[in-house]
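**Q** what follows is a predicted structure for the sequence shown.
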Amino acid sequence: MWRFALRESGRFVLGLFGALLMAAAIASLTSSSHGLIADLAAIVTRLFAFLRLDFGASAISGADAAQELAAHAPVTLTLIFLGLALAIVLGAPFGLLLSSAPVRRATAPVIQVVSAAPVFCAGLALAFVARKFLGWAPGNGEFPPVQQVLHPDQSALRLVMMPALTVGLAGMAAIQVALRRSASEAQGEPFREGLRRLGLSALEIDRAYVAPMVFAGLFQSFGEVVAALLSAAVVSEWVFKCPGAADLFVKSVALHDWNVAALILFFFASIVLFANFFGRLVSEAIVSVGRSA
Amino acid sequence: MSPAPLLRKFLIAVGWSGLGLVAIAVVLSDFLARAPAGAGHVGPILTPPSSLFPFGTDQLGRDILSETLHALNVTVIHALPAAFLAIAAGSVFGFVAARLPAPIRLPTRWAMGVFAAVPSLLLAILLIGLTNRDYAAAAAGLAAAPLAFVRVFDRARVSANSAHAAYARATGIAPSALLRRDLAYEVRDALLVTAARAFAAVTIILSTVSFLGFGAVPPHRDFGLMIAAAKPVYVQAWWTASFPVLSLLVLVLLARLAAGLDEGERA
């Protein structure tokens, strides 16, 4: 386990370095090009500046890029956490339910159609429901602070619910696929037959041996789930006019504000890399606890 | 044969047949459409679906059926080279890179792993921002490539360490010959699946970047741009967004079925 953790930590640090290098290359676009050597020197200069936590200034607002990110990141993180919570609450039971063959066969056509819908179509559909049937006016660039999200009143709920649901639907799809994949693998494991012959009931086998395998598989795909949530956050913030980091990224790229775009890209890549690292560690921990039990 | 593989084969056949019909519609789109692309005031503005305008008209009086056919054309024409690029820079490169010597293989896997940590949509937006909207198809293809690379690379590493590879090496078969042999089998077994999967992935990326204002340029509107244009009015005039959304959904669904993807599985 320790060797595994060490190896994964190394991979995580190397991944972060790669993301930093990519961000430095993007941020160096702010300096005019004078050939390959000068470009490489500019990237190295930006890289060292990043290591000193100097991320440059926004070309649009003139504010520090890190301040811009700090002002917008809470919205994106709120949407991702709410989306993740929704995805777990709805996606986990759904995924487990779909791991049984008859339910899966019955629901397959509907899920196949839903899976084909791009996230922005789901966002637009939810915005339509909110405006047409619930009478909620569209947001106008406002988003409640985290404290208000934790104790929401009706106005906060109106601003948060549909964007979070859009992100949550994308996460839910990713979670149910991960769960179903690992549940299907566990179904075919030869140890089930052996344990049955030893006299264990199906429930005991599922609880003690299969459930840890299924959840280990889910954590193995945690990075994938978080990447799906982040992608959905970009679309959700755009559709519902939430002033988050993903929305800022889109505007920064459109206006060639490379310092801000680079920092946001590094931030997002770090989140996914951390989710991958964390997921693999938890997955391995679950498997090794199961092995030693 | 049990019912499940039979059903799977049937669905794959449905997917490819549907994509064949889409290809015919794309080729004949100018002939099938009543109005040229972007032609305004073909009818009264925001007319609901009727026998005269089966998909209705939009806020500029454009015939939505004609616009949907033109958008299908633009979406497919952009998605094809993008899918090709995703296969070349992702799947094929991943397969070859997995057989390269460790000093080249490991840094390549690391670099692609870093790119794969960035959601494809953001990568596509960045690449379009770095170039311009004319290169949206190339950007979508390159953005989809890292995930395809990682997927194929990891699978190819398992194959490179398999028993048949060990026997081949032991009997003196050159690594390049083994690579050619495995690549030929990969192309034979997985090309169609990979192509359909890449097509579904880049279609979603392309339509999303267009929706966000980074993709197609008017009057050559794709589905994403059509849906974005309908955004201000679609709550009052549902048909302006519904038909392009449905068409996009059917296109992606057919590609997913052709690729044999499971329900919910990412393209």
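**A** Received, thanks.

**Q** can you give me the helices in the chain?
**A** Just so you know, I chose chain A. All helices of chain A, identified by DSSP state H, fall at A:2-27, A:36-51, A:65-86, A:92-98, A:101-115, A:119-132, A:146-150, A:154-187, A:191-197, A:202-205, A:211-220, A:222-239, A:245-254, A:258-292.

**Q** correction: the question concerned chain B.
**A** Applying DSSP H to chain B gives helices spanning B:3-27, B:29-32, B:64-86, B:93-97, B:102-116, B:120-130, B:136-160, B:163-170, B:175-211, B:223-230, B:239-259.

**Q** deepest-packed of those, please.
**A** helix B:223-230 (a mean of 26; mean count of other Cβ atoms under 10 Å in any protein chain shown). The way it works is simple: take the backbone N, C-alpha and C, and place the C-beta from them, glycine included.

**Q** close to chain B: what parts of the stretch 1-150 of chain A are there?
**A** Residues of the stretch 1-150 of chain A lying close to chain B (Cβ under 8 Å from any Cβ of the partner chain) are A:14-15, A:18-19, A:21-22, A:26, A:29, A:98, A:104, A:107-108, A:111-121, A:124, A:127-128, A:131-132.

**Q** could you pick out the buried ones from the residues you listed?
**A** Listed as buried from these are A:15, A:18-19, A:21-22, A:26, A:29, A:98, A:104, A:108, A:111-112, A:114-121, A:124, A:127-128, A:131; burial here means 16 or more other Cβ atoms under 10 Å in any protein chain shown.

**Q** closest one to residue A:7 among the helices of chain B?
**A** Of all those, helix B:102-116 sits nearest to residue A:7, with 13.4 Å by Cβ to Cβ.

**Q** hmm, back to that, which of the helices of chain A is buried the deepest?
**A** Counting by mean count of other Cβ under 10 Å, helix A:222-239 has the highest mean neighbour count of those, with a mean of 26.

**Q** gap between the two ends of stretch B:27-41?
**A** 25 Å (Cα to Cα, to the nearest Å).

**Q** average model confidence for that stretch?
**A** In this model, stretch B:27-41 has an average pLDDT of 89.

**Q** ok, back up a step: how about the helices of chain A in TSV, adding distance to residue B:11?
**A** What follows is the helices of chain A, written out as TSV (distance: least, Cβ to Cβ, whole Å):
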stretch	distance to residue B:11
helix A:2-27	37
helix A:36-51	48
helix A:65-86	30
helix A:92-98	17
helix A:101-115	8
helix A:119-132	22
helix A:146-150	42
helix A:154-187	17
helix A:191-197	29
helix A:202-205	31
helix A:211-220	25
helix A:222-239	24
helix A:245-254	34
helix A:258-292	31
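
**Q** what's the burial count for residue B:131?
**A** Residues lying near residue B:131 (other Cβ atoms under 10 Å in any protein chain shown) number 12.

**Q** these two touch, right, it and residue B:139?
**A** Yes - the criterion here is Cβ atoms under 8 Å, and residue B:131 meets it with residue B:139 at 6.9 Å.

**Q** enumerate every residue touching the residue nearest to residue B:127 when sequence neighbours are not counted.
**A** Distance criterion Cβ to Cβ, 6 or more residues apart in numbering or on different chains; nearest residue to residue B:127, sequence neighbours excluded, is residue B:139 at 3.6 Å. Shown in contact with residue B:139 (Cβ atoms under 8 Å, 6 or more residues apart in numbering or on different chains): B:123, B:124, B:127, B:128, B:131, B:209.

**Q** now with 7 Å, please.
**A** For residue B:139, the contact set (Cβ atoms under 7 Å, 6 or more residues apart in numbering or on different chains) comprises B:124, B:127, B:128, B:131.

**Q** do residue A:16 as well
**A** Applying Cβ under 7 Å, 6+ apart, we find residue A:16 in contact with A:270, A:273.

**Q** and the pLDDT for it?
**A** Predicted confidence (pLDDT) for residue A:16: 94.

**Q** what separates it from residue B:116, distance-wise?
**A** According to Cβ to Cβ, to the nearest Å, residue A:16 stands 14 Å off from residue B:116.

**Q** what angle sits between the helix-or-strand element of chain B with minimal mean pLDDT and helix B:136-160?
**A** The weakest-scoring helix or strand in chain B, judged by mean pLDDT, DSSP states H and E, is helix B:163-170 (a mean of 83). On the basis of axes from the mean of the first three to the mean of the last three Cα atoms, to 10 degrees, helix B:163-170 is oriented at 80 degrees to helix B:136-160.

**Q** near chain A, which residues of the stretch 101-250 of chain B?
**A** When proximity is defined as Cβ under 7 Å from any Cβ of the partner chain, the stretch 101-250 of chain B approaches chain A at B:110-111, B:113-114, B:117-119, B:121-122, B:125-126, B:129, B:204, B:207-208, B:211-212, B:227, B:234-235, B:241, B:245, B:248-249.

**Q** do that again at 6 Å, thanks
**A** Neighbours of chain A within the stretch 101-250 of chain B, by Cβ under 6 Å from any Cβ of the partner chain: B:114, B:117-119, B:121, B:125-126, B:129, B:204, B:207-208, B:211-212, B:235, B:245, B:249.

**Q** of all the residues you listed, which comes closest to residue A:161?
**A** residue B:235 (17.1 Å).

**Q** ok, for the closest one, nearest residue in space, not its chain neighbours?
**A** Excluding its sequence neighbours, the residue lying closest to residue B:235 (Cβ to Cβ, 6+ apart) is residue A:131, at 4.9 Å.

**Q** and stretch B:49-63, which residues are buried?
**A** Buried residues in stretch B:49-63, counted by 16+ other Cβ under 10 Å: B:49, B:53, B:55, B:56, B:57, B:58, B:61, B:62, B:63.

**Q** filter the residues you listed by proximity to chain A?
**A** Applying Cβ under 6 Å from any Cβ to the buried residues of stretch B:49-63, one finds that nothing falls near chain A.

**Q** can you put those in CSV and add pLDDT?
**A** What follows is those, written out as CSV (pLDDT from 0 to 100):
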residue, pLDDT
B:49, 94
B:53, 93
B:55, 94
B:56, 93
B:57, 94
B:58, 91
B:61, 92
B:62, 93
B:63, 94
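
**Q** how about the residues you listed in JSON lines, adding distance to residue A:163?
**A** Formatted as JSON lines, the buried residues of stretch B:49-63 follow (distance: Cβ to Cβ, whole Å):
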{"residue": "B:49", "distance to residue A:163": "30"}
{"residue": "B:53", "distance to residue A:163": "34"}
{"residue": "B:55", "distance to residue A:163": "29"}
{"residue": "B:56", "distance to residue A:163": "29"}
{"residue": "B:57", "distance to residue A:163": "31"}
{"residue": "B:58", "distance to residue A:163": "26"}
{"residue": "B:61", "distance to residue A:163": "33"}
{"residue": "B:62", "distance to residue A:163": "30"}
{"residue": "B:63", "distance to residue A:163": "34"}
